[in-house]
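>>> I would like the atomic coordinates for the input below:
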Amino acid sequence: MTTDAYTLSLPDVQTTHMVFASPHSGRAYTRAFLRRSMLDELQIRSSEDAFMDRLVGPVAGFGAPFLAATMPRAFLDLNRASDELDPAVVEGVRRPAHNPRIASGLGVIPRVVANGRAIYSGKIGAAEAERRISQYWHPYHARLRQLMDDTTRAFGQAVLVDFHSMPHEAVQSVSAPGLPRPEVVLGDRFGASAAGHIVDRIETIFLEAGLKVSRNAPFAGAYIAQTYGRPSRGQHAVQIEIDRALYMNEQFVRPNGNFDSFRQLMARVLREIAELGRPALPLAAE
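The predicted structure follows:
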């Protein structure tokens, strides 16, 4: 199922309480948006989780739903609250109380892409900002909420596994000297968005696949983890950041020579994560 706001891949029968999503892999860069931007087509893609939808897409074959955004993060950031509007990029917005995401140009309508490069030469109108939020933000989150609630009703709980990618340079500063840099960062908002045993098991799956894993540094999870991770209600959210250098050429935003082998590795990882949410079959009668 594809709409203006998202692509939803559903299994024939959902057999697991794991729900997968990719909110930053959208790449529907409209001509109007590109004309409005000061950046070229490569620069503007630097904040995109390029190819993450291709890497995670197989989960529908493992009995789990997969929701992926269509619009790019530079156009609209689905991992922000709809009211995180930046007065430096949207006309008529009042200056909010201190919000580090807005201050750094990363509100729901981003002002910058990677390395602080400005997207626009001026501001966009408030009506345009509201149109983006109405047409793309609300439908995506309405569908994600429905998936989580339907899964909770069917299985008694739901776990959102929210996939992202991180620039290779983003993890260079988080490792102690002499220790390997993480290739996967699991974010659970320091235990607030998911039960510890769930994160432990996901971490083990990545470690057994041969990947180096850290938790909550430098990414602990933002709006999506905070909103959909409610362990007391039986709903959990884990943000997963994967080093882009494992599968893509960041400079040219294209798959690298390791893409196919990494996709196969990810398919094994995803199958095992989906298996975590599969109800145990009752023992057969003697």
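
>>> gap between stretch 159-174 and the chain center?
Averaging C-alpha positions (CA atoms, centre = their mean, to the nearest Å) puts stretch 159-174 9 Å from its chain's average.

>>> Would you indicate which residues of that stretch are buried?
Neighbour counts over stretch 159-174 (16 or more other CB atoms under 10 Å) mark 159, 160, 161, 162, 163, 164, 165, 166, 167, 170, 171 as buried. In this view, the C-beta of every residue, glycine as well, is placed from N, C-alpha and C.

>>> And those, which is closest to residue 76?
Relative to residue 76, the closest of the buried residues of stretch 159-174 is residue 164; by CB to CB it sits at 15.5 Å.

>>> number of nearby residues for residue 60?
Residue 60: 18 surrounding residues under other CB atoms under 10 Å.

>>> Make residue 1 into 58 and carry on from there
Fine by me, first position is 58 from now on; the one you just mentioned is residue 117.

>>> wait, what's in contact with residue 105?
The contact partners of residue 105, by CB atoms under 8 Å, 6 or more residues apart in numbering, come to 81, 82, 83, 84, 129, 130, 131, 310.

>>> and which of these is nearest residue 248?
The closest of the contacts of residue 105 to residue 248 turns out to be residue 81 (CB to CB; 23.8 Å).

>>> just to revisit the earlier point, so which of the buried residues of stretch 216-231 belong to strands?
Judged by DSSP state E, the subset of the buried residues of stretch 216-231 located in strands is 216, 217, 218, 219, 220, 221, 222, 223.

>>> what's the farthest-apart pair in these?
With CB to CB as the measure, no two of these lie farther apart than 216 and 223, at 21.3 Å.

>>> Let me know the helix or strand that residue 322 is in.
Secondary structure assignment for residue 322, by DSSP states H and E: helix 316-333.

>>> just checking, residue 243 touches residue 272?
Yes. In this structure, residue 243 is within contact of residue 272 by CB atoms under 8 Å, at 5.0 Å.

>>> Compare these two and say which is more crowded by neighbours.
Shown here are residue 243 and residue 272; by other CB under 10 Å, residue 243 has more neighbours (23 against 18).

>>> Thank you, goodbye.
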